[in-house]
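Visitor: What follows is a protein structure lacking sequence information:
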């Protein structure tokens with residue numbers, strides 16, 4: 001057990017370049033967009049009243065709803081990981097549970113590093129979980145390159161001030177076990193993880209890659225790679241769970257979504273900001289990228305939608321009517337300066353606060369859609385060292 005300073009914790013949260021073991025202060029510089037993307041170089045610059053000061057590099061710092069409080073004021077998320085934080089390295093679920101159980105003072109921060117180990121593989125018929133329940137101020141990270149959890153999900157329940165970073169979570173069989181589940185928790189960051197199952201498996205073989213449910217709030221999902229699953233990612237439990245109303249403030253930025261069969265992100269009731277993500281669809285899929293439902297308000301901004309419109313007319317990036325068509329069942333999407341290629345954008349209805357700027361600064365990290373592929377590779381989405389060109 002040893003002590004880390006606040007500066008190192010800030011680096012852990014905000015940097016993941018070259019290899020994930022290296023923590024750098026300077027952003028990664030990427031090459032300009034290729035000539036093949038020249039037709040979309042100016043995407044967004046003339047949109048409505050905004051002029052975007054695009055960054056040409058992967059600028060990685062903590063932004064999003066996890067960085068503000070209920071009144072929109074800055075939330076000092078990283079101040080909890082100061083020189084008093086304790087760090088422990090674990091190699092099994094039993095050791096992880098022991099470290100969490102030993103944390104009895106909610107105000108003392110705990111940093112849990114997961115070391116490479118054969119014990120991070122669960123039996124294929126018995127999914128297991130890393131449980132963070134009833135805790136505050138916990139930071140969980142793969143130590144070094146992304147640590148693979150096979151058949152082991154991560155569950156964050158009734159907790160606050162939680163960071164989960166640098167994990168490869170894969171092949172978590174169902175029995176209602178998600179790869180990542182955020183349940184009634186606040187101020188949560190999911191960063192630089194790779195999460196996947198098998199999109200060709202039976203529908204009930206696996207559950208969701210990420211669920212944010214039961215009134216969770218102030219969540220940032222950044223620099224992750226979500227891929228290869230039948231079921232999508234969900235904000236909100238279902239169409240009747242009123243506990244989500246007025247909550248579910250979630251930011252999704254610089255993530256890569258691919259090959260998810262039943263829709264990529266489904267958002268109920270919440271207020272979400274979706275910017276600088278790539279949604280890539282396989283040739284054999286008919287799906288939706290962002291579905292806003294049950295009064296949800298979603299600002300969809302400067303994302304790249306790749307390959308939509310190939311299969312049928314239902315294969316569209318945006319939808320607001322998936323739960324129904326009445327005022328109580330539709331959602332709302334403010335569509336701002338996205339790149340759709342040759343596909344139909346789908347449905348949008350900018351009649352909610354998604355038209356307004358979010359209550360946090362983010363223009364210092366925003367990239368043009370023309371350069372987004374290069375930025376995500378340079379920024380090591382999912383902390384994948386051998387990431388192929390996107």
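Guide: Alright, I've got the coordinates. If you're wondering where the values come from, they're calculated on a predicted model, not measured in any experiment. Residues are numbered from 1 along each chain as shown.

Visitor: Hmm, residue 180 is touching residue 168, no?
Guide: No - with contact defined as CB atoms under 8 Å, residue 180 does not reach residue 168; the gap is 11.9 Å. To be clear about C-beta, it is placed using only N, CA and C from the backbone, and glycine gets the same treatment.

Visitor: more neighbours, these two?
Guide: residue 180 (27 against 20; other CB atoms under 10 Å).

Visitor: got the contact list for that one?
Guide: Residues counted as contacts of residue 180 (CB atoms under 8 Å, 6 or more residues apart in numbering) are 153-156, 164, 169, 190, 193, 195, 209-211.

Visitor: Quick check: bridge partners of it?
Guide: Applying DSSP bridges to residue 180 gives these bridge partners: residue 154, residue 210.

Visitor: Residue 66 versus that one, what's the distance?
Guide: To residue 66, residue 180 is 15 Å away according to CB to CB, to the nearest Å.

Visitor: ok, now residue 274?
Guide: 15 Å.

Visitor: list the helices and strands the helix or strand where residue 95 lies packs on?
Guide: Element membership for residue 95 (DSSP states H and E) is helix 93-101. Packing partners of helix 93-101 (3 or more CB pairs under 8 Å, 6 or more residues apart in numbering; DSSP states H and E): strand 86-90, strand 110-114, strand 128-133.

Visitor: ranking the ones you listed by burial, who's on top?
Guide: The highest average neighbour count among the helices and strands packed on helix 93-101, using mean count of other CB atoms under 10 Å, belongs to strand 110-114 at a mean of 22.

Visitor: quick one: contacts of that strand?
Guide: With CB under 8 Å, 6+ apart as the criterion, strand 110-114 contacts 4, 9, 81, 85-91, 96, 99-100, 103, 120, 135, 137-143, 147, 149, 167.

Visitor: Quick one, which of these are buried?
Guide: Buried by 16 or more other CB atoms under 10 Å: 4, 9, 81, 85-88, 90-91, 96, 99-100, 103, 120, 135, 137-143, 147, 149, 167, out of the contacts of strand 110-114.

Visitor: residues in contact with the most centrally placed residue in the chain?
Guide: Geometric centre of the chain, nearest residue: residue 221, 2.7 Å, by CA atoms, centre = their mean. By CB under 8 Å, 6+ apart, the contact list for residue 221 reads 189-191, 210, 250-253, 255.

Visitor: From residue 100, how far off is it?
Guide: 22 Å.
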